[in-house]
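**Student:** Using only what follows, build the 3D model:
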Amino acid sequence: MQRPPLIEGPLTQDQIDAYWRDGYLVLQDALRPDQLQGLIADFEMWKEASRAETEAYGETMDGRARFDLEPGHRADAPALRRVASPVEVSDAYLDAMRTAPAVDAVAQLLGPNVEFNNSKINSKQPGAATQVKFHQDFMFQPHTNQDLVAVLFFLDEVTAENGPLEVVPGTHRGPMHSHWHDGVYTGAVAPEVVDAECGDTVSVTGPPGTACLMHTRLLHGSAPNRSDRPRTLFISEYRAEDSKALQVNHLPSIYDGEVVRGERTNQVRCSSYEMTYPEVPTGASFFNQQAKATM
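**Tutor:** Down below sits the predicted model:
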């Protein structure tokens, strides 16, 4: 795996080493206070607007719905669970994607040259049944190399009860597991992989404004929200500038490929691996793909 030259940023050498060892890193104060408030305000606006809707709505650049609703969503109990590419429809999200302190940390891990890849909001309202089955992000998005980092910004306090991210440390250094099963792309690993590798998970918790920086090959998932408090994440993903996509972006955006740190080099770097191309999603979110799993 690439270890970029040391550059200035918020991370200490111990934190950088911990990221490459474990495949994830929890970063406090990953957003400026004004950025956090702006992200919360816009999401609350969208959640209020969703009261008038009964099915996924809005439109992204590839024609799919932008706003995805939890089954059981009602006007008196809105359950907006996914916003695709919020950076396209919100100045607050676009600014955070470009200028949040966590982006400087990404440059320390991948840099000095870093591109934006994609973004989304995943939200679990109180009592939401949606869970995220264990998977590896890279299996949704083949690139010429695997230097991609997802930054999961906490908009709410994330606790052990409200469906936190659950990671399996070190699995980014292990195999890439197929997300195809019996000819169906389920967006999840097989049960035997869960049994073998996902026994020792770590729940990633913290106050609003925290972020988890996660390697693209790390096994992770999350349980339903069993609390009376929401759990909302803004997820912004970045790649090394010399990592080039080998398939269409599963979360397309007009900002895909924008250089957010460093400069454009027009270089491409390749690593050796094998995988089956993922299914390009047609629904509002990957929750529809994971719902296909009968495992």
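**Student:** how about the strands of the stretch 151-295 of the chain, start to end?
**Tutor:** Assignment of strands within the stretch 151-295 of the chain using DSSP state E, counting those that start in this stretch yields the ranges 165-167, 180-181, 184-185, 202-204, 211-215, 220-222, 231-240, 259-261.
**Student:** strands paired with the second one, and their directions?
**Tutor:** Going back to what we said before, that points to strand 180-181. Strand 180-181 pairs in its sheet with strand 184-185 (antiparallel), by DSSP bridges.
**Student:** could you dump the strands of the stretch 151-295 of the chain to CSV with mean neighbour count, distance to residue 61 and mean pLDDT?
**Tutor:** All C-beta spots, glycine's among them, are computed from the backbone N, C-alpha and C. Shown next, in CSV, are the strands of the stretch 151-295 of the chain (neighbours: other C-beta atoms under 10 Å; distance: least, C-beta to C-beta, whole Å; pLDDT from 0 to 100):
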stretch, mean neighbour count, distance to residue 61, mean pLDDT
strand 165-167, 23, 27, 98
strand 180-181, 16, 26, 96
strand 184-185, 18, 22, 96
strand 202-204, 17, 31, 98
strand 211-215, 26, 25, 98
strand 220-222, 23, 27, 97
strand 231-240, 26, 17, 98
strand 259-261, 18, 19, 98
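**Student:** Tell me which of these lies nearest to residue 110.
**Tutor:** Shortest distance between residue 110 and these, using C-beta to C-beta, is found for strand 231-240: 4.6 Å.
**Student:** Which strands or helices does that closest one pack on?
**Tutor:** Counting contacts by 3 or more C-beta pairs under 8 Å, 6 or more residues apart in numbering; DSSP states H and E, strand 231-240 packs against helix 91-99, helix 101-110, strand 114-124, strand 148-154.
**Student:** between the first one and helix 101-110, what angle do the directions make?
**Tutor:** Direction vectors for helix 91-99 and helix 101-110, defined by axes from the mean of the first three to the mean of the last three C-alpha atoms, to 10 degrees, enclose an angle of 30 degrees.
**Student:** Check which helices and strands helix 91-99 sits against.
**Tutor:** Judged by 3+ C-beta pairs under 8 Å, 6+ apart, the packing partners of helix 91-99 are helix 33-49, strand 114-124, strand 231-240.
**Student:** What distance do you get for residue 133 to residue 166?
**Tutor:** Per C-beta to C-beta, to the nearest Å, residue 133 is found 11 Å from residue 166.
**Student:** next one: residue 100
**Tutor:** For residue 100, the distance to residue 166 (C-beta to C-beta) stands at 24 Å.
**Student:** For residue 10, which non-adjacent residue is spatially closest?
**Tutor:** In space, and not counting its chain neighbours, residue 10 is closest to residue 105: 5.3 Å by C-beta to C-beta, 6 or more residues apart in numbering.
**Student:** what's the burial count for that neighbour?
**Tutor:** For residue 105, the count of nearby residues is 24 (other C-beta atoms under 10 Å).
**Student:** per-residue confidence at it?
**Tutor:** Note for residue 105: predicted pLDDT of 98.
**Student:** I'd like the strands of the stretch 151-295 of the chain as JSON lines, with distance to residue 11 appended.
**Tutor:** Below are the strands of the stretch 151-295 of the chain laid out as JSON lines (distance: least, C-beta to C-beta, whole Å):
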{"stretch": "strand 165-167", "distance to residue 11": "18"}
{"stretch": "strand 180-181", "distance to residue 11": "36"}
{"stretch": "strand 184-185", "distance to residue 11": "35"}
{"stretch": "strand 202-204", "distance to residue 11": "17"}
{"stretch": "strand 211-215", "distance to residue 11": "9"}
{"stretch": "strand 220-222", "distance to residue 11": "21"}
{"stretch": "strand 231-240", "distance to residue 11": "14"}
{"stretch": "strand 259-261", "distance to residue 11": "13"}
